[in-house]
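[1] My questions are about this predicted structure, shown below with the sequence.
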Amino acid sequence: MTGAVHRLARIAPLAECMRGTRLATTGFVVVTQVLLYAELWRALYAHTAEVAGLDVRQAVSYSTLATLATTARAMRGATGESVKTRILDGSIAYWFLRPVSARRYRAWYGVGEALYSSAWVAAGLALGLVLGLVAPPASAAVAALSAVSFGLGLVVLYYLTLLIDLVAFWTVSTEGVTRFYEFVQALLSGALIPLWFLPGPLAAVVTRLPFAAGVSTPVSLYAGRIAPAGAAGPLAVQVGWCLVLAVLTAAVWRRAGRRLVVLGG
């Protein structure tokens, strides 16, 4: 069993691909959002060549990639494989009875989710390049740094989502916590509004939070907001959050395993 544990990563992609209607509607929503945001940014740049150091092509590229990254994350969950849903039906107990630990099982499932989300982002990026919505990377160094940053961002987002999911071990409902997290994530990640439009002191703080590390940092690297020469700092912040969140989630998993409650019993 241990040698084949990596096969757990196939669950999420296979489950998603089995739902044709979900794939079609998701594709429609992504394309619609990308096109609407592109037109919005073009309208904002109608009477100016540059805003906050970026031209219209860079702004549209940023918007397109940020939309792809955030929408791809929202497409997960076709199998209902989360702590919340498993606690509600009682099957969470099996997570702690398998030869593979619950923490390791969820991590490999998360790998599958990340691969599936990355496939959507890659497909959207390729289409965006063809349609002229996304500018090609300025150099090979920019492309490489953006890819590394995107991978680190996926790790950060996995841990953040997992922490919110683990709240289900201590509460009857996680709906309120989840909605609050989604609001904060959308606002502080740079997905809706690029963080450089925030006031200077506030932007300096927000860019160092894990929310920005998941979306704003990799997209800003690609769009040219962060130059390759200045990428060491943002990448270090991403690595730091990966380590901090890994330690935190490990501690939460240990406490959760000692107080498993299913439907109040």
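    Received the coordinates, thanks.
[2] Okay, strands next: where are they in the stretch 51-200 of the chain?
    When assigned using DSSP state E, counting those that start in this stretch, the strands of the stretch 51-200 of the chain occupy the ranges 54-55.
[3] shaky segments in it?
    Where the stretch 51-200 of the chain drops to pLDDT under 70, the residues are 72-80.
[4] and G224, what is it in contact with?
    With CB atoms under 8 Å, 6 or more residues apart in numbering as the criterion, the residues that contact G224 are 54, 58, 138, 142. (C-beta placed from N, C-alpha, C; glycine too.)
[5] And V155, by the same measure?
    Contact criterion CB under 8 Å, 6+ apart gives C242 as the residues in contact with V155.
[6] Could you number the chain from 41 rather than 1 from now on?
    Will do, 41 is the new start, and the previous item becomes V195.
[7] Could you check how far it is from L105?
    18 Å (CB to CB, to the nearest Å).
[8] ok, longest helix in this protein?
    Under DSSP state H, the helix in the chain containing the largest number of residues is helix 142-171.
[9] Give me the neighbour count for the residue nearest to A263 when sequence neighbours are not counted.
    Using CB to CB, 6 or more residues apart in numbering and skipping the chain neighbours, the partner closest in space to A263 is Y102 (4.2 Å). Summarising burial for Y102: neighbours were counted as other CB atoms under 10 Å, giving 25.
[10] List the contacts of Y102.
    For Y102, the contact set (CB under 8 Å, 6+ apart) comprises 94, 234, 259-260, 262-263, 265.
[11] Out of the residues you listed, give me the one that has the most neighbours.
    For the contacts of Y102, neighbours were counted using other CB under 10 Å, and V259 has the most, 29 neighbours in all.
[12] relative to helix 142-171, how tilted is the helix or strand containing that one?
    Following DSSP states H and E, one finds V259 within helix 256-263. With axes from the mean of the first three to the mean of the last three CA atoms, to 10 degrees as the criterion, the two stretches helix 256-263 and helix 142-171 enclose an angle of 30 degrees.
[13] Which strands or helices does helix 256-263 pack on?
    helix 96-114, helix 180-206, helix 272-298 (3 or more CB pairs under 8 Å, 6 or more residues apart in numbering; DSSP states H and E).
[14] What about the residue nearest to A52 when sequence neighbours are not counted, how many residues nearby?
    Residue nearest to A52 in three dimensions, not counting chain neighbours: G152, with 3.7 Å by CB to CB, 6+ apart. By the criterion of other CB under 10 Å, G152 has 23 neighbours.
[15] Just the buried residues of the contacts of G264.
    The neighbour-count criterion (16 or more other CB atoms under 10 Å) marks 94, 98, 182 among the contacts of G264 as buried.
[16] of the residues you listed, closest to V123?
    V182 (37.8 Å; CB to CB).
[17] hang on, that closest one packs against I266?
    No - counting by CB atoms under 8 Å, V182 sits too far from I266 to count as a contact (9.3 Å).
[18] Redo the contacts of G264 as TSV? Include distance to A109.
    Below are those laid out as TSV (distance: CB to CB, whole Å):
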residue	distance to A109
L94	18
Q98	16
A178	19
V182	17
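[19] And those residues, which is closest to V140?
    Of all the contacts of G264, V182 has the smallest distance to V140: 38.7 Å, by CB to CB.
[20] Could you list every helix and strand that the host helix or strand of E56 packs against?
    Following DSSP H and E, one finds E56 within helix 51-57. In terms of contacts (3+ CB pairs under 8 Å, 6+ apart), helix 51-57 is packed against helix 60-84, helix 142-171.
[21] Can you list the buried residues in the last one?
    Put plainly, it is helix 142-171. The neighbour-count criterion (16+ other CB under 10 Å) identifies 142-143, 145-154, 156-158, 160-161, 164-165, 167-168 as the buried residues of helix 142-171.
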